[in-house]
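Participant: My questions concern the predicted model and sequence given below.
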Amino acid sequence: MADRPRVFVSRVIPDDGLEAIREVCEMDLWERDLPPPRDELLRRVAGCDGVLTLLTDRVDDEFLDAAGKKLRVVSNYAVGFDNIDVAACARRGIPVGNTPGVLTDTTADLAWALLMAAARRLPEGDRYVRAGNWKTWGPLLLLGPDVHGATIGIVGFGRIGQAVARRAQGFGMEILYHDVQELPRDVTEPFGATFLPLEDLLARSDFVSLHVNLSEVTRHLINAETLSWMKPTAVLVNTSRGPVVDQRALADALRNGVIWAAGLDVTDPEPIPMDDPLVGLDNCLIVPHIASASPATRGKMAAMAAANLLAGVRGEPLPTQVPPPA
């Protein structure tokens with residue numbers, strides 16, 4: 001068995017991936033619910049041919065030094081890869097894999113669920129009933145903005161942004177989008193989507209949904225200034241990455257009526273501390289990073305992550321490789 005590649009898998013993932021890895025590799029699996037502590041992570045990756053990581057595992061020069069010269073692949077169980085220093089991996093000739101495409105529609109579903117739940121105050125309504133406060137039907141009880149016929153602004157018009165736009169069409173919404181540049185008409189025309197600069201998009205939108213990668217450009221893209229451009233009746237939804245939003249500025253905006261409500265699948269940090277000001281706000285809906293949390297999608301992600309890992313330890317091209325920086 002000594003000739004089997006050694007790999008470390010940093011969390012239990014669905015069997016769609018684990019079984020394939022177990023058949024081929026000598027697998028060290030971290031089986032606890034919480035991520036491995038940093039010192040334990042560095043110890044466990046030492047001498048491995050491949051590692052399968054999660055967003056909670058930081059892969060940097062320290063990690064790569066600890067792993068050693070045998071390391072041939074880093075496979076991330078996620079579409080995003082902001083936990084990985086891809087340039088550092090590239091310098092050492094180590095390919096990085098991710099799981100794009102497979103969670104597009106599942107994430108768009110969750111973004112839409114957050115949008116509607118925040119707008120129509122569903123968590124507040126549920127708490128209201130369970131607290132025994134529902135005494136009668138009231139004309140002014142828990143009013144929230146209509147979704148149908150409203151204007152949605154989608155920031156980041158890639159696969160997931162387009163899937164959100166497709167759903168918006170069913171609600172008869174006007175669809176605006178912002179991206180690093182205006183996209184070709186053959187991409188946007190099927191959605192009837194109109195490109196706008198960010199300031200104009202935020203000013204016109206009733207709902208704003210974020211779908212950008214995390215980078216130095218997008219970190220705190222939504223901040224006190226950009227929030228001030230939004231309507232006081234607007235709803236902000238974030239299913240991208242937590243640091244895209246300045247949470248302190250968002251809490252101030254929600255508390256002071258700068259915007260109406262927010263629905264967040266991601267926070268900064270994760271998990272969000274219980275003393276974060278957002279936690280105490282009724283008009284902020286927060287869920288624990290569950291955008292891809294369907295059995296089918298998580299299983300497909302596991303299969304893709306395993307395929308990347310196994311290709312890497314065999315010295316083969318990764319099926320879905322993160323392009324190294326130019």
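Facilitator: The structure has been received and is ready for your questions.
Participant: give the contact list for Thr151.
Facilitator: Met173, Glu174, Ile175, Leu176, Arg204, Ser205, Asp206, Phe207 (Cβ atoms under 8 Å, 6 or more residues apart in numbering). C-beta: built from backbone N, CA, C; applies to glycine.
Participant: Without its sequence neighbours, what residue ends up closest to the second one?
Facilitator: Nearest in space to Glu174, with sequence neighbours left out and distances taken as Cβ to Cβ, 6 or more residues apart in numbering, is Thr151 at 4.3 Å.
Participant: From Glu316, how far out is the one you found?
Facilitator: 47 Å (Cβ to Cβ, to the nearest Å).
Participant: the domain parsing of the protein - what is it?
Facilitator: The chain breaks down by automatic domain parsing into domains covering 6-102+295-313, 104-286.
Participant: Turn those into JSON lines, columns for mean pLDDT.
Facilitator: Formatted as JSON lines, the domains of the chain follow (pLDDT from 0 to 100):
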{"stretch": "domain 6-102+295-313", "mean pLDDT": "97"}
{"stretch": "domain 104-286", "mean pLDDT": "98"}
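Participant: The ones you listed: which one's closest to Pro325?
Facilitator: domain 6-102+295-313 (4.9 Å; Cβ to Cβ).
Participant: Doesn't Lys175 belong to a strand?
Facilitator: Rather than Lys, residue 175 is Ile. Yes - checked against DSSP: H, G, I helix; E, B strand; the rest coil, Ile175 lies within a strand.
Participant: so it makes contact with Arg167?
Facilitator: No - counting by Cβ atoms under 8 Å, Ile175 stays clear of Arg167, with 10.2 Å between them.
Participant: These two: which has the busier surroundings?
Facilitator: Ile175 (22 against 16; other Cβ atoms under 10 Å).
Participant: For the nearest residue to the more buried one once chain neighbours are set aside, grab the count of nearby residues.
Facilitator: With Cβ to Cβ, 6+ apart as the criterion, Ile175 has its nearest non-adjacent residue at 4.4 Å, and that residue is Ala193. Ala193 has 23 neighbouring residues, counting by other Cβ under 10 Å.
Participant: Now do the same contact list for Ala193.
Facilitator: Ile154, Phe157, Ala165, Ile175, Leu176, Tyr177.
Participant: Mind giving me the packing neighbours of the helix or strand the third one falls within?
Facilitator: What it means is Ala165. According to DSSP states H and E, Ala165 maps onto helix 159-170. Packed against helix 159-170 by the contact rule (3 or more Cβ pairs under 8 Å, 6 or more residues apart in numbering; DSSP states H and E) you find helix 104-119, strand 151-155, strand 174-178.
Participant: how about 6 Å then?
Facilitator: helix 104-119, strand 151-155 (3 or more Cβ pairs under 6 Å, 6 or more residues apart in numbering; DSSP states H and E).
Participant: and that helix with strand 174-178, angle?
Facilitator: Relative orientation of helix 159-170 and strand 174-178, computed by axes from the mean of the first three to the mean of the last three Cα atoms, to 10 degrees: 160 degrees.
Participant: can you pull the buried residues of helix 159-170?
Facilitator: Arg159, Ile160, Gly161, Gln162, Ala163, Val164, Ala165, Arg167, Ala168 (16 or more other Cβ atoms under 10 Å).
Participant: list the contacts for the closest residue to the first one other than its chain neighbours?
Facilitator: Looking back up the chat, that one is Arg159. Once flanking residues are discounted, Arg159 sits nearest to Thr104: 4.6 Å by Cβ to Cβ, 6+ apart. Applying Cβ atoms under 6 Å, 6 or more residues apart in numbering to Thr104 gives the contacts Arg159, Ile160, Ala163.
Participant: List the contacts of the last one.
Facilitator: Neighbouring residues of Ala163 by Cβ under 6 Å, 6+ apart: Thr104, Asp105, Ala108.
Participant: at 10 Å what do you get?
Facilitator: Thr104, Asp105, Thr106, Thr107, Ala108, Asp109, Ala111, Trp112, Ile154, His211 (Cβ atoms under 10 Å, 6 or more residues apart in numbering).
Participant: what about the fourth one, how many residues close to it?
Facilitator: When neighbours are defined as other Cβ under 10 Å, Thr107 has 25 of them.
Participant: Thank you, goodbye.
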